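Asks: I would like to see how this sequence folds:
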Amino acid sequence: MSKVKTLFICQQCGTQAIKWGGRCSGCGAWNTLVEELVGPSANPATMAGAAATPQLLADVSLEDAPRRKTGVEEFDRVLGGGIVPGSVTLVGGEPGIGKSTLLLSVAGSLAAAGLQVLYVSGEESLRQTKLRAMRLGLSSSPVQLLAQTQLETILEALGQVKPQIVVMDSVQVIETGALSSPPGSIGQVRACAHALVRLVKESHAALFLIGHVTKEGTLAGPKALEHLVDTVLYFEGEPTSGFRVLRSTKNRFGATHELGVFHMTAEGLVEVANPSELFLSGRAEPVPGCMVTVSLEGSRPLVAEVQALTSSCGMGLPRRRTAGVDFNRLSMLLAVLERRVGLHLLSQQDVFVSSLGGARLLEPGADLGISLAIASSLKERPTRRGDVAVGEVGLTGEVRAVSNLSQRLHEARRIGFTRAFIGPLRGGEPQVEGMEVVTVSHVRDAVERAI
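Replies: Numbers count the residues shown, from 1 in each chain. The predicted structure follows:
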């Protein structure tokens, strides 16, 4: 029987080499050789069997695979309703953002519900994990702990315990003796992830992998594993803020771009059930340069405030700065306001645009709100306090309606807004009790009526 061996394979062209080199001899690319395990080819005659027998789609039963609630509603929302047995979820984020705290809280909640949970800590000792659990109020939790970094030992423990939920903290410190590359390299991360994924898929357990994001976002983190897992979650937050946002960028069992909001406290992460009020908290009296819009994060409408500041640039090139707003989208809106509305912005004004509270306004539905905030700052006239703007702005200056508009307007009305500027609809204006809906077909009309 042939032994498993390792080869260095170019990630660009597939050229194989027996030792590492800085440059691929096949395509000439630099730093593309990655150590990988190469096993003997399987005999096609041995691959046939009962497990390979096709089955009708109508005969596949889902009764034995219900979703499992974690007890953390914001986490369940991002997952699409709970954990799917046999699924693999990758939770990525910068070091220290709170990934271990979040997953330990989820593990404790699942263990309290009677599930067999194994938490594998590769970066912290058992004592350190215990201290974290005490801070979270989980000192007597039935979660099973294992401090180990060797893949072979972890697989043996999984075979003995047979857990229903496995948390691996973190994947870049796990190593296998079959590879000579150091822990954290792409070869080690892929080999360890492949082995873990194969085991949990066979046992129908759910696996959570924690991965750090480096400055490049490519090495030993989510970017090297996204194609191997079912769900990819990013845990984000400003270093100076206690609020954390969990986003779904890939989900085979639910909606992508779903959003969950948490607040980091001394006792751990606390769920924020109403993020719209969070992002709007502390609003002062109306001042020039402020406008509220409603963005859609997955299936959740999110009310957020946009602030803009324009200032004469004097000499030199005008500056453009954004926070939470797409820079290229801002450049397009400035050009539309200059050519279609007549506001002199491109060559005479520095423009700074920010979304408050850590909200990220990346969808086109926030275009109208951003445009009105910029126009309000330039004209030095505030918008009305109860106004909200939702609409996409085209290059000709037309305002278009966005998807799920009724859901967005109802969320804004619940917060207390009384007038909404939207793009024209084919089916007529949505009826929202207590809210005046103003339809504008061009961004010029919106500027004249709102400011």
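Asks: A helix includes residue 76, no?
Replies: Yes - Residue 76 sits within a helix when classified using DSSP: H, G, I helix; E, B strand; the rest coil.
Asks: what's the longest helix in this protein?
Replies: Scanning the chain for the longest helix, with DSSP state H as the assignment, gives helix 186-203.
Asks: shaky segments in the stretch 51-200 of the chain?
Replies: Within the stretch 51-200 of the chain, the set of residues satisfying pLDDT under 70 comprises 51-52, 62-65.
Asks: Swap in 80 and give it another go.
Replies: Low-confidence segments of the stretch 51-200 of the chain, defined by pLDDT under 80, are located at 51-52, 60-65, 181, 184-186.
Asks: what helices or strands is the longest helix of the chain leaning on?
Replies: Judged by 3 or more CB pairs under 8 Å, 6 or more residues apart in numbering; DSSP states H and E, helix 186-203 is in contact with strand 33-38, strand 88-93, helix 151-161, strand 165-169, strand 206-212. For glycine as for every other residue, the C-beta is placed from the backbone atoms N, C-alpha and C.
Asks: Just the angle for it relative to strand 88-93, thanks.
Replies: 140 degrees (axes from the mean of the first three to the mean of the last three CA atoms, to 10 degrees).
Asks: got the residue ranges for the helices in the chain?
Replies: 73-79, 99-112, 126-135, 151-161, 186-203, 275-280, 327-336, 367-379, 405-415, 443-450.
Asks: If you count neighbours, what's buried in the shortest one?
Replies: In terms of neighbour count (16 or more other CB atoms under 10 Å), helix 275-280 has its buried residues at 275-276, 278-280.
Asks: what's the answer for the last one, then?
Replies: Neighbour counts using 16+ other CB under 10 Å place 443-447, 450 of helix 443-450 among the buried residues.
Asks: Report the mean per-residue pLDDT for it.
Replies: If you average the pLDDT over helix 443-450, you get 95.
Asks: Got the domain ranges for this structure?
Replies: The record assigns the chain these domain ranges, following automatic domain parsing: 5-39, 68-273, 278-450.
Asks: Any chance of the ones you listed in JSON lines with distance to residue 54 as columns?
Replies: JSON lines is the format used below for these (distance: least, CB to CB, whole Å):
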{"stretch": "domain 5-39", "distance to residue 54": "26"}
{"stretch": "domain 68-273", "distance to residue 54": "19"}
{"stretch": "domain 278-450", "distance to residue 54": "35"}
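Asks: neighbours around residue 35, how many?
Replies: Residues lying near residue 35 (other CB atoms under 10 Å) number 21.
Asks: which non-adjacent residue is nearest it?
Replies: Using CB to CB, 6 or more residues apart in numbering and skipping the chain neighbours, the partner closest in space to residue 35 is residue 187 (3.8 Å).
Asks: Go ahead and confirm the one you found touches residue 20.
Replies: No - using CB atoms under 8 Å, residue 187 is not in contact with residue 20, being 9.9 Å away.
Asks: which residue is nearest the centroid of the chain?
Replies: Using CA atoms, centre = their mean, the residue of the chain that lies closest to the mean C-alpha position is residue 247, 2.7 Å off.
Asks: ok, now how distant is that one from residue 236?
Replies: Residue 247 is 7 Å from residue 236, where distance means CB to CB, to the nearest Å.
Asks: Which residues are in contact with each of the two?
Replies: Residues touching both residue 247 and residue 236 (CB atoms under 8 Å, 6 or more residues apart in numbering): there are none.
Asks: sorry, back to before: could you name the stretch from the helices and strands packed on helix 186-203 that's closest to residue 334?
Replies: Among the helices and strands packed on helix 186-203, the nearest to residue 334 by CB to CB is strand 88-93 (32.4 Å).
Asks: What does the pLDDT read for residue 402?
Replies: Looking at residue 402, its pLDDT stands at 91.
Asks: Renumber starting at 746 from here on
Replies: Renumbered: residue one is now 746, and that last one reads residue 1147.
Asks: Grab the nearest non-local neighbour of residue 1124.
Replies: Residue nearest to residue 1124 in three dimensions, not counting chain neighbours: residue 1196, with 5.7 Å by CB to CB, 6+ apart.
Asks: cool, and residue 1021?
Replies: Per CB to CB, 6+ apart, closest to residue 1021 is residue 1048, 3.9 Å.
Asks: Return the distance of the one you found relative to residue 1156.
Replies: Residue 1048 is 6 Å from residue 1156, by CB to CB.
Asks: Looking at these two now, which is surrounded by more residues?
Replies: Ranked by neighbour count (other CB under 10 Å), residue 1048 and residue 1156 place residue 1048 first, with 25 against 20.
Asks: What number of neighbouring residues does residue 802 come out with?
Replies: By the criterion of other CB under 10 Å, residue 802 has 6 neighbours.
Asks: shared neighbours, residue 932 and residue 765?
Replies: In contact with both residue 932 and residue 765: residue 780, using CB under 8 Å, 6+ apart.
Asks: Looking at the two, which is more packed in?
Replies: residue 932 (24 against 13).
Asks: Could I get the contacting residues of the more buried one?
Replies: Residue 932 neighbours (CB under 8 Å, 6+ apart): 751, 779-781, 924, 926.
Asks: Can you tell me how far it is from residue 752?
Replies: Relative to residue 752, and taking CB to CB, residue 932 is found at 10 Å.
Asks: again, but for residue 1042
Replies: In terms of CB to CB, residue 1042 sits 43 Å off from residue 752.
Asks: can you check residue 1155 too?
Replies: Taking CB to CB as the measure, residue 1155 falls 58 Å from residue 752.
Asks: ok so, going back, of the helices and strands packed on helix 931-948, which is nearest residue 973?
Replies: It is, among those and with distance given as CB to CB, strand 833-838, at 7.1 Å.
Asks: Contacts for the closest one next, please.
Replies: Contact with strand 833-838 is made by 824, 828, 844, 847-848, 916, 941-942, 945-946, 951-958, 966-967, 970-971, 973-981, as judged by CB under 8 Å, 6+ apart.
Asks: what's the neighbour count on the nearest residue to residue 1034 once chain neighbours are set aside?
Replies: Once flanking residues are discounted, residue 1034 sits nearest to residue 1122: 3.4 Å by CB to CB, 6+ apart. Counted by other CB under 10 Å, the residues lying close to residue 1122 total 25.
Asks: Quick one, grab the pLDDT at residue 1122.
Replies: Value for residue 1122, per-residue pLDDT: 95.
Asks: Noted, bye for now.
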